[in-house]
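Enquirer: build me a structure from this.
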Amino acid sequence: MKKRFATAALLILSAITAFAADVTGKWTGQMSTPNGDFNLEFTFRQDGSALTGSVAGPQGDPMAISDGKVDGDKVSFTVNAHDGEFVIHHEGTVSGDTMTLKSKSEQGDFPGAEITLTKAK
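Expert: Predicted structure coming up:
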């Protein structure tokens, strides 16, 4: 009986893992702002549910992401821009090679945005 339970539990865990998004790699997209559109390139590294990486845009050097996690098809992470004076929170979903993010800043003068990213091949 214990052996059957252990086998069933292992199969369930395997199925859950199979449905989890794998976001490791480069993702590109465009963000629209009142000052115009600009290109973004995210580089993600996923280790289980932990997510790390960086984002590069027109500002120059890539900025590290923090507090990143993946839960099924859901992703979330934070970007601290300009030495932490500008904090942007991202939450989104992954469907195949497409990731849709909603961003929100702690600063009131930066409106939230929606970004659609495509995984680079």
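Enquirer: from here on, contacts and neighbour counts on C-alpha atoms
Expert: OK.
Enquirer: longest strand of this protein?
Expert: strand 36-47 (DSSP state E).
Enquirer: tell me which residues in that strand are buried?
Expert: By neighbour count on 16 or more other CA atoms under 10 Å, the buried set for strand 36-47 is 40, 41, 42, 43, 44, 45, 46.
Enquirer: quick check: can you name the pairing partners of it and their directions?
Expert: strand 25-33 (antiparallel), strand 50-56 (antiparallel) (DSSP bridges).
Enquirer: for residue 120, which of those is the nearest?
Expert: Closest to residue 120 of these, according to CA to CA: strand 25-33, at 5.5 Å.
Enquirer: what's the closest non-adjacent residue to the most centrally placed residue in the chain?
Expert: Residue closest to the mean C-alpha point of the chain, counted by CA atoms, centre = their mean, is residue 75 at 4.7 Å. Leaving aside its sequence neighbours, residue 75 sits nearest to residue 92 (CA to CA, 6 or more residues apart in numbering; 5.3 Å).
Enquirer: how about residue 49?
Expert: Nearest one to residue 49, counting by CA to CA, 6+ apart, is residue 70 at 4.7 Å.
Enquirer: pLDDT at the one you found, what is it?
Expert: Here the pLDDT value assigned to residue 70 is 97.
Enquirer: can you list the buried residues in the helix or strand harbouring it?
Expert: Taking DSSP states H and E as the definition, one finds residue 70 inside strand 63-71. By 16+ other CA under 10 Å, the buried positions in strand 63-71 come out as 63, 64, 65, 66, 68, 69, 70.
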